[in-house]
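Enquirer: Pasting the sequence and the predicted coordinates here, then a few questions.
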Amino acid sequence: MDVLSQPESIEVVHPVGLLRTEWRRLAKLIVDRGGIFVVIALVCVLGTMLSSEFLRRDNIDTIITQTVPLALVALGQTFVIFTGEIDLSVGALLSLASVIIGETMGGSNVRMVPVVLLALLFGAAVGVANGLLVTAIGIPSFIATLAMMLVLEGANLVWTNAGPASNLTSDFRLLSEGHVGPLPAGVVTLVGALLVAYWLAVRTPLGRKLLAVGSNRRAAEISGVHVRRVVIAGFVLSGIFAAAAGVFFTAYVGESQSFVGKGMELNAIAAAVLGGTSLFGGRGSIAGSVGGALLLTIVYDLLILGGFSPPYQQIATGLILIAGTLMYVRVRPSTQ
Amino acid sequence: MLVVAALAVTSAAVAAGGFVPPPLLPHSKATVNTSKYKKSPPFVVGYADASQSNSWRIMAKAEVDYGVSEFHGKVKLAYTNANDSTAKQISDVEDLISRHVDAIILAATDVNALCPSIAKAEAAGIPVLILERAVNCNNYTEFIDDQDDYNGYLQMAYVAWKLHGHGNVVEFGGQEGNGATVQALGAYAKVLKKYPGIHVLATEYANYDPAKGKEEMQALLVKYPKIDAVASISGNQGIGIFDAVKAAGRVNQIKAWTGDDANGWMKIVAKYHIPSVIAPIPTYAGRYAVEQAVRILEGKTVKRDFLVPKPTITEANIAHFARLNRPDEWWYSQNRLPCKFDPYCKH
């Protein structure tokens, strides 16, 4: 065989090049197997150097509790991003779920479960609406869910005049402030949500179909996947998780707030991307999304403990976002 | 008369509690001859609102509506909402000018950008009343002044009094860079220059959001084992801050709190009997704006800087002001706003 006509069959073995290739393989392995958690570990080490209070039990409990709403929204967002779509309505939906809780609980423990279910059902309904706008009408998800966000915010104001009723019960607050045995409710919620999301993504056909649609929509369709239904299912999951975040956040704050979720959509997308989910669809990590949310919360906490003023908090968060995403861009191949 | 009586009651109660509010800041005592604006009713008063995106703005609009109703048809309202967009508000003011309204009440979205629009309106013979949000020009007719710049002095003076000049305080601004926050924190700093024994442990910005207030306070409670006072410019974010302190079991450690007259904060002060001063940001400034607009259109002399009367509220007289049966987002309204105008009054 003519070596020149097949240059690709010749391997130039150079010690430095070999070393670089091996490092790259190792880095990819680490990144693919949970690079975000390596970053969290590094940030925690930095945290212990910045503040002696960082590893205190009450601080860790606080960090985990504060992570829950963002993690829930990020998990829901991950399902949508799996399919190659995006959901910008989650922040407004979280706020409206909070309003539903406040306006309907009426200070009665008996109503607690039905009211929470109502909020989750509402989240699912919004998800269906988003899904139909995207699949049946053909509006790009960025526009459809942006429009839905405006509709939900407006409806919120019309209903409550920015002053929702807030007749919550002390039992309801236990969802965030209580304990299950020795474990804070926030830890239980976070682990529970992670397990449910993991099961959906990895152990059910739906999870595989979400990724298949995001990876190659045409190929998925040819292989018998009902693409439209799968995309709608992604939005429904996003809506339910956002509503669940609204329930938890309301228990955390202790009252309903009309704008409690404002801006959450971008943080959730950031958390999902930091955790390894590709915005192009077809690839992602459930645990990574929780890791992304945890990282953002830890950084926020550390910057307050470290005495940094808010402008530095913003700069640090932006830099971490760039660094975290760069990790995936540099290590993974650029083609899907 | 009602206002005078309320102020007398509150002053006595506050004095009984021992706290003497600092004197008001110097304001212009100039008057304005409005004879050039005199015309016959009915009057059309334009209200160029900044937004309706929070409960304060919603109640201020309700007060404007109530103010209009008090004139029994003599005044009609032409309302625009800028949705916090300066570009939209400039366009709104031009729209009101082209509709030949008789006066414009302006709640400015920006301290500088609306100045040319104010000049245009005045040049067209339309008096402009600035409602609550100060602007960096003086070509308007009257400023309906909520005295936001005074609130910071009042709050930190209370903290200094409660701490007897010694202790640790954490500060919470609202939105970083916004005029009210800049004024309030600047005032805090000026007061604290006189009390070197009071140390500011941290300054955070909670965006008037109780969730953010709670998150930030939780971190501060971990970092600082001894916090003696919490100076928050906003009562709404104070709700979350207090929740964090309560969950940490440290309510008794805090000897002084501050906030504004958001009902949620006033309810906490009343319910838990915590030591707090409340610096009101009167939504009823909206009603006064309508009354002053009518005075101007009747050709009566008005003050250039109209100070909206407001009581000093502390834990000593809180029961007179907090409304336990109203939502947290309700704002004190001098007990005058009828239920049919009050968006937070359930019939």
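Expert: The structure has been received and is ready for your questions. Please read all numbers here as calculations on a predicted model, not as lab measurements.
Enquirer: At which residues are the helices of chain A located?
Expert: A:15-32, A:35-50, A:57-82, A:90-105, A:112-135, A:141-160, A:170-177, A:185-202, A:205-215, A:217-222, A:227-253, A:264-274, A:286-305, A:310-331 (DSSP state H).
Enquirer: Tabulate those in JSON lines, adding columns for mean pLDDT and mean neighbour count.
Expert: The C-beta positions use only the backbone N, C-alpha and C, and glycine is treated the same way. Putting the helices of chain A into JSON lines (pLDDT from 0 to 100; neighbours: other Cβ atoms under 10 Å in any protein chain shown) gives the following:
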{"stretch": "helix A:15-32", "mean pLDDT": "62", "mean neighbour count": "12"}
{"stretch": "helix A:35-50", "mean pLDDT": "88", "mean neighbour count": "16"}
{"stretch": "helix A:57-82", "mean pLDDT": "95", "mean neighbour count": "27"}
{"stretch": "helix A:90-105", "mean pLDDT": "95", "mean neighbour count": "28"}
{"stretch": "helix A:112-135", "mean pLDDT": "97", "mean neighbour count": "20"}
{"stretch": "helix A:141-160", "mean pLDDT": "94", "mean neighbour count": "18"}
{"stretch": "helix A:170-177", "mean pLDDT": "92", "mean neighbour count": "17"}
{"stretch": "helix A:185-202", "mean pLDDT": "95", "mean neighbour count": "18"}
{"stretch": "helix A:205-215", "mean pLDDT": "94", "mean neighbour count": "21"}
{"stretch": "helix A:217-222", "mean pLDDT": "93", "mean neighbour count": "14"}
{"stretch": "helix A:227-253", "mean pLDDT": "97", "mean neighbour count": "26"}
{"stretch": "helix A:264-274", "mean pLDDT": "92", "mean neighbour count": "25"}
{"stretch": "helix A:286-305", "mean pLDDT": "92", "mean neighbour count": "25"}
{"stretch": "helix A:310-331", "mean pLDDT": "75", "mean neighbour count": "15"}
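Enquirer: nearest to residue B:145, of the ones you listed?
Expert: When these are compared by Cβ to Cβ, helix A:141-160 sits nearest residue B:145, at 28.2 Å.
Enquirer: and the closest one, anywhere near chain B?
Expert: Yes: Helix A:141-160 reaches chain B (Cβ under 8 Å from any Cβ of the partner chain) through residue A:157.
Enquirer: so how far is residue A:70 from residue B:96?
Expert: As judged by Cβ to Cβ, to the nearest Å, residue B:96 and residue A:70 stand 43 Å apart.
Enquirer: where does the closest residue to residue B:124 other than its chain neighbours fall, helix, sheet strand or coil?
Expert: Distances taken as Cβ to Cβ, 6 or more residues apart in numbering or on different chains place residue B:97 nearest to residue B:124, at 5.4 Å, with adjacent residues excluded. Residue B:97 falls in the helix class when you classify it by DSSP: H, G, I helix; E, B strand; the rest coil.
Enquirer: quick one: residue B:97 and chain A, what's the gap?
Expert: 28 Å (Cβ to the nearest Cβ, to the nearest Å).
Enquirer: Looks like that residue contacts residue B:125 (just checking).
Expert: No: counting by Cβ atoms under 8 Å, residue B:97 does not reach residue B:125; the two are 9.8 Å apart.
Enquirer: When these two are compared, which one has more neighbours?
Expert: A direct count of neighbours by other Cβ atoms under 10 Å in any protein chain shown for residue B:97 and residue B:125 places residue B:97 higher, at 18 against 12.
Enquirer: Helices of the stretch 101-250 of chain B, residue ranges please.
Expert: Under the criterion DSSP state H, counting those that start in this stretch, the stretch 101-250 of chain B contains helices at B:115-123, B:148-162, B:179-192, B:210-223, B:235-247.
Enquirer: Next, format those helices as TSV and append mean neighbour count.
Expert: Formatted as TSV, those follow (neighbours: other Cβ atoms under 10 Å in any protein chain shown):
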stretch	mean neighbour count
helix B:115-123	17
helix B:148-162	23
helix B:179-192	19
helix B:210-223	24
helix B:235-247	26
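Enquirer: Identify the residues contacting the residue nearest to the spatial centre of chain B.
Expert: The centre of chain B sits closest to residue B:281, judged by Cα atoms, centre = their mean, with a distance of 2.0 Å. By Cβ atoms under 8 Å, 6 or more residues apart in numbering or on different chains, the contact set of residue B:281 is B:56, B:132, B:146, B:148, B:151, B:260-261, B:331.
Enquirer: Give me the three-state assignment for whichever residue of chain B sits closest to chain A.
Expert: Closest to chain A within chain B is residue B:329: 3.1 Å, counting by Cβ to the nearest Cβ. Judged by three-state DSSP, the three-state class of residue B:329 is coil.
Enquirer: okay, now it: neighbour count?
Expert: With other Cβ under 10 Å as criterion, residue B:329 counts 27.
Enquirer: Leaving out chain neighbours, which residue sits closest to it?
Expert: Sequence neighbours aside, residue A:163 is the residue nearest to residue B:329 in space, at 3.1 Å (criterion: Cβ to Cβ, 6+ apart).
Enquirer: Kindly report the residues of the stretch 1-150 of chain B close to chain A.
Expert: B:52-55, B:58.
Enquirer: Let me have the residues you listed in CSV, adding neighbour count and secondary structure as columns.
Expert: Converted to CSV, these look like this (neighbours: other Cβ atoms under 10 Å in any protein chain shown; DSSP: H, G, I helix; E, B strand; the rest coil):
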residue, neighbour count, secondary structure
B:52, 18, coil
B:53, 17, coil
B:54, 19, coil
B:55, 26, helix
B:58, 22, helix
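Enquirer: Return the item of these having minimum pLDDT.
Expert: Sorting the residues of the stretch 1-150 of chain B next to chain A by pLDDT puts residue B:53 at the bottom of the list (81).
Enquirer: could you list every residue that touches it?
Expert: Listed by Cβ under 8 Å, 6+ apart, the contact partners of residue B:53 are A:157, A:162, A:259, B:83-84.
Enquirer: rerun at 10 Å
Expert: A:153, A:157, A:162, A:258-259, A:262, B:81, B:83-84 (Cβ atoms under 10 Å, 6 or more residues apart in numbering or on different chains).
Enquirer: same thing with residue A:291?
Expert: A:34-40, A:67, A:71, A:74, A:194, A:271, A:274-276, A:285, A:324.
Enquirer: which of those residues come close to chain B?
Expert: When Cβ under 10 Å from any Cβ of the partner chain is taken as the criterion, no member of these contacts chain B.
Enquirer: before we move on, back to that, in strands, which of the contacts of residue B:53 fall?
Expert: Using DSSP state E, residue B:81 are the members of the contacts of residue B:53 that sit in strands.
Enquirer: which one of the contacts of residue B:53 sits closest to residue B:315?
Expert: Taking Cβ to Cβ as the measure, residue B:315 lies nearest residue A:162 of the contacts of residue B:53, at 27.1 Å.
Enquirer: For the stretch 201-336 of chain A, what lies in contact range of chain B?
Expert: A:249-250, A:252-263, A:297, A:300-311, A:313-314.
Enquirer: and if we set it to 8 Å?
Expert: Within reach of chain B by Cβ under 8 Å from any Cβ, the stretch 201-336 of chain A has these residues: A:249, A:252-255, A:257, A:259-260, A:300-301, A:304-305, A:307, A:309-311.
Enquirer: Looking at stretch B:22-30 now, give me its mean pLDDT.
Expert: Averaging pLDDT along stretch B:22-30 yields 87.
Enquirer: Going by neighbour count, which residues in it are buried?
Expert: Buried residues in stretch B:22-30, counting neighbours by 16 or more other Cβ atoms under 10 Å in any protein chain shown, are found at B:22, B:27.
Enquirer: Please determine how far the residue positioned nearest the centre of chain A is located from residue A:88.
Expert: Centroid-nearest residue in chain A, with Cα atoms, centre = their mean: residue A:74, separated by 0.9 Å. To residue A:88, residue A:74 is 14 Å away according to Cβ to Cβ.
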